[in-house]
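Colleague: Following is a predicted model, sequence given first.
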Amino acid sequence: MARVVVDVMPKPEILDPQGKAVLGALPRLGFSGVTDVRQGKRFELEIAGEITAEVLAEVEKMAETLLSNPVIENFAVHVEDDVTPGAGAQA
Amino acid sequence: MKIGVVTFPGSLDDVDAARAVGLGGQEAVALWHGDHDLKGVDAVVLPGGFSYGDYLRCGAISRFSPVMTEVIEAARKGMPVLGICNGFQILCESHLLPGALIRNDHRRFICRDQRLRIENDRTAWTSAYTAGQEITLVLKNGEGGYVADEPTLDRLEGEGQVVARYLDLNPNGSARDIAGVSNERGNVVGLMPHPEHSVEELTGSGTDGLGFFTSLVESAFA
């Protein structure tokens, strides 16, 4: 079993109202020094078998077709090495 | 004329849309998201609501529903399709219309009687109006901010694909006050305000929305 992660972010030129809301909340909670926040989505795909170039190409296609809207979002695909249960918390 | 109104899980305004179709003098035909069948309709309305719970992105899941496969194919052949609010989002996700709709810039849901200007009276759904006509429709959305890149916006303006524009105030941060757009051919129209709620004096904000439901007949007999 292997995990492929797709990170989806709003394009830099697209307004991100959710990120703005988080940015506004931080100083109210006493956190300072943050100048900008962008909020995106992370998809963790559990893949059966080995991660080959074909599998990654297929994931790219999934990201392009469904996981992101290329009009307003960019995405990045990467393979996560350690997928033992609970490893995510320490990563 | 038979006009199909699609119900997705989470659609809210399908019944109002069907009623508006009837008030416009045409026959409404109920279509179900899971069907691979348009039941011989002449046109389709995608109503407002929160189809598939707005999961992932508004309209992103609905766009791949069986009925949308049929709608997309028919729209490409020239069938008139009107997407209202969530229906507009579905049409953008389907790439039948350019651009996308994002969360309102002020981050709040907005519900108001909205003044608009009809910019293009040559589409299948706006021929009952005259260009420049000012109308008032119910507006209610949380993710109604229309965005597209600058070249696309310039092209939309240049080709007359901006169908309607917000007046008085921009309720959701839409680029260039755009309330509705059409495809190049003019058979597919997406609109963020709700003409189906503005068709009877008893409820809503007058009857300015009725034109969207009589335009097909007018263009058929023009």
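Modeller: Structure received. Numbering: from 1, shown residues only, chains lettered A, B, ... in the order given.
Colleague: Could you use CA atoms for every contact and neighbour count after this?
Modeller: OK.
Colleague: So for the least confident helix or strand in chain B by mean pLDDT, what gets flagged as buried?
Modeller: None of the helices or strands of chain B scores lower by mean pLDDT, DSSP states H and E than helix B:211-221, at a mean of 84. For helix B:211-221, a neighbour-count test (16 or more other Cα atoms under 10 Å in any protein chain shown) marks B:211-217 as buried.
Colleague: do the same with stretch A:68-82
Modeller: Buried residues in stretch A:68-82, counted by 16+ other Cα under 10 Å: A:68-75, A:77.
Colleague: what mean pLDDT does it have?
Modeller: Regarding stretch A:68-82, the rounded mean pLDDT is 93.
Colleague: which residues touch that stretch?
Modeller: A:2-11, A:14, A:56, A:59-60, A:63-64, B:93, B:99-100, B:148 (Cα atoms under 8 Å, 6 or more residues apart in numbering or on different chains).
Colleague: Of those, select the buried ones using a ChimeraX command.
Modeller: Selection of buried members from these for ChimeraX, criterion 16+ other Cα under 10 Å:
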select /A:2,3,4,5,6,7,8,9,10,11,59,60,63 /B:93,99,100,148
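Colleague: From the contacts of stretch A:68-82, which land in strands?
Modeller: A:2-10, B:100 (DSSP state E).
Colleague: what pLDDT does residue 40 get?
Modeller: Picking chain A for this. Among the per-residue scores, residue A:40 holds a pLDDT of 97.
Colleague: um, chain B though
Modeller: Value listed for residue B:40 in the pLDDT field: 97.
Colleague: Checking it next. Helix, strand or coil?
Modeller: coil (DSSP: H, G, I helix; E, B strand; the rest coil).
Colleague: How about the contacts made by it?
Modeller: Applying Cα under 8 Å, 6+ apart, the residues near residue B:40 are residue B:2.
Colleague: Surely residue A:77 is in a strand?
Modeller: Yes: residue state for residue A:77 (three-state DSSP) corresponds to a strand.
Colleague: Which strand residues bridge it?
Modeller: Beta-bridge partners for residue A:77, by DSSP bridges, are residue A:6.
Colleague: Spell out which residues of chain A are next to chain B.
Modeller: A:14-18, A:66-67, A:69, A:71-72 (Cα under 8 Å from any Cα of the partner chain).
Colleague: For chain B, what's the nearest residue on chain A?
Modeller: Closest residue of chain A to chain B, Cα to the nearest Cα: residue A:17 (5.8 Å).
Colleague: Can you get me a residue count around that residue?
Modeller: Residues near residue A:17, counting by other Cα atoms under 10 Å in any protein chain shown, number 19.
Colleague: Does it touch residue B:142 like I think?
Modeller: No: between residue A:17 and residue B:142 there is no contact under Cα atoms under 8 Å: 11.3 Å.
Colleague: Now do the contacts for residue A:15.
Modeller: Neighbours of residue A:15 in contact, by Cα under 8 Å, 6+ apart: residue B:105.
Colleague: ok, how many other residues are close to residue A:36?
Modeller: 10.
Colleague: Now do it against residue B:173, distance only.
Modeller: 20 Å (Cα to Cα, to the nearest Å).
Colleague: again with residue A:12
Modeller: 17 Å.
Colleague: The two: which has the busier surroundings?
Modeller: Neighbour totals were compared for residue A:12 and residue B:173, and residue B:173 leads with 21 against 11 (other Cα under 10 Å).
Colleague: residues contacting that one?
Modeller: B:104-106, B:144-146.
Colleague: between these, which is nearest residue B:79?
Modeller: residue B:146 (23.8 Å; Cα to Cα).
Colleague: looking at this, the closest one is in a strand?
Modeller: Yes: secondary structure of residue B:146 (three-state DSSP): part of a strand.
Colleague: Check it and give its pLDDT.
Modeller: 98.
Colleague: And residue B:110, by the same measure?
Modeller: Predicted confidence (pLDDT) for residue B:110: 97.
Colleague: what's the burial count for it?
Modeller: 15.
Colleague: Mind listing what's buried along stretch B:124-140?
Modeller: Those would be B:124-129, B:131, B:134-140, for stretch B:124-140 by 16+ other Cα under 10 Å.
Colleague: Most neighbours out of the contacts of residue B:173, which is it?
Modeller: Among the contacts of residue B:173, the one with the most neighbours (other Cα under 10 Å) is residue B:144, at 28 neighbours.
Colleague: quick one: it and residue B:192 touch, right?
Modeller: Yes: the pair residue B:144 / residue B:192 is scored as a contact, 6.4 Å apart, by Cα under 8 Å.
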